[in-house]
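What follows is a protein structure lacking sequence information:
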């Protein structure tokens with residue numbers, strides 16, 4: 001998929017105006033999930049934002065995720081249809097397996113998702129929080145790579161092997177929580193690079209992530225100021241030395257472990 005460098009993560013967003021504002025500012029990728037319990041809010045913001053910004057539906061990638069209790073073969077289609085209805089869209093641009101847990105069975109879940117692509121309800125099938133073995137099995141079952149892999153990625157949690165797999169198979173990695181829940185402000189290497197550029201640590205964290213081909217980022221923001229700053233961060237160019245300095249951070253914190 002050809003995804004913009006910075007999209008909007010919506011976990012915790014409960015005001016549709018924030019989504020509409022993001023679209024007005026230039027966001028073209030909205031990410032939600034059934035477990036966030038805000039698909040209807042995102043849908044309302046999408047409808048308002050499309051109208052306000054005079055955008056067509058195809059101008060915005062709308063992604064959601066099936067939770068672990070939606071992944072049995074006979075549960076996939078009803079859950080996907082419910083999500084599309086809540087979002088107010090005829091088709092989901094990107095539908096993820098949220099985690100390969102619970103009712104997930106690659107041999108039955110993934111073909112069920114593929115049938116929704118054939119029906120036109122889903123345009124692309126993605127995966128989220130997969131390990132290498134999960135990714136390889138998905139490629140085998142689908143007969144192709146996933147459209148995208150969403151995973152936690154920030155200066156305090158890096159998975160280079162996942163990026164290598166994405167490069168080898170030609171699909172984007174969608175980095176969630178790229179600001180490490182605000183902890184990037186506590187990372188000396190990130191702060192030093194930010195000071196050198198007259199930028200914020202948050203902007204540097206996003207720039208660091210999106211500099212890693214094929215990574216795109218979906219930071220969550222609600223205020224217009226933060227929405228603008230996150231979107232602009234993709235234009236911040238870091239040197240190879242600055243990227244390496246952040247790569248060398250030894251502290252590790254995974255925000256969303258199993």
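Arrived safely, thanks for sending. Bear in mind that the values here come from a model prediction, so they are computed numbers and not experimental data. Residues are numbered from 1 along each chain as shown.

Hmm, residue 105 is touching residue 71, no?
Yes. Between residue 105 and residue 71 there is a contact under CB atoms under 8 Å: 7.5 Å. Every residue, glycine included, has its C-beta placed from N, CA and C.

do you know how far residue 220 is from residue 18?
Going from residue 220 to residue 18 by CB to CB, to the nearest Å gives 10 Å.

before we move on, back to that, of residue 105 and residue 71, who's got more company?
Neighbours per residue, other CB atoms under 10 Å: of residue 105 and residue 71, the larger number sits with residue 71, 25 against 15.

How confident was the prediction at that one?
Looking at residue 71, its pLDDT is 98.

With residue 258 instead?
79.

what sits against it?
By CB atoms under 8 Å, 6 or more residues apart in numbering, the residues touching residue 258 are 99, 101, 129.

can you list those in JSON lines and add pLDDT and secondary structure?
Conversion of those to JSON lines gives the following (pLDDT from 0 to 100; DSSP: H, G, I helix; E, B strand; the rest coil):
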{"residue": "99", "pLDDT": "98", "secondary structure": "coil"}
{"residue": "101", "pLDDT": "98", "secondary structure": "coil"}
{"residue": "129", "pLDDT": "98", "secondary structure": "coil"}
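
of those, buried ones?
With burial judged by 16 or more other CB atoms under 10 Å, the buried subset of these is 99, 129.

Output the contacts of residue 258 as a markdown table; include the columns distance to residue 199.
As requested, the contacts of residue 258 are exported to a markdown table (distance: CB to CB, whole Å):
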| residue | distance to residue 199 |
| --- | --- |
| 99 | 33 |
| 101 | 38 |
| 129 | 30 |
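
List just the nearest of the contacts of residue 258 to residue 249.
Residue 249 lies nearest to residue 129 out of those, by CB to CB, at 22.1 Å.

ok, now which ones touch the nearest residue to the closest one once chain neighbours are set aside?
Using CB to CB, 6 or more residues apart in numbering and skipping the chain neighbours, the partner closest in space to residue 129 is residue 99 (4.7 Å). The contact partners of residue 99, by CB under 8 Å, 6+ apart, come to 67-68, 128-129, 258.

Helices of the protein, residue ranges please.
Secondary structure of the chain (DSSP state H): helices at 16-25, 39-52, 73-87, 106-119, 132-142, 160-169, 188-197, 201-210, 224-232, 240-247.

What about residue 251, how many residues nearby?
12.

Let me fix that, I meant to ask about residue 136.
Counted with other CB under 10 Å, residue 136 comes out at 13.

any idea how far the nearest residue to it once chain neighbours are set aside lies from residue 121?
Leaving out its chain neighbours, the residue that sits closest to residue 136 by CB to CB, 6+ apart is residue 165, at 8.0 Å. Noted for residue 165: a distance of 28 Å to residue 121, by CB to CB.

and if you look at residue 182?
Residue 182 is 37 Å from residue 121, by CB to CB.

the more surrounded of those two?
Taking neighbours as other CB under 10 Å, residue 182 and residue 121 compare with residue 121 leading, 19 against 10.

what's that one in contact with, if anything?
If you count contacts by CB under 8 Å, 6+ apart, residue 121 has them with 77, 80-81, 84, 91-92.

circling back: count residues in the vicinity of the residue nearest to residue 136, would you?
Neighbours around residue 165, by other CB under 10 Å: 20.

any idea how far it lies from residue 14?
Taken as CB to CB, the span from residue 165 to residue 14 is 35 Å.
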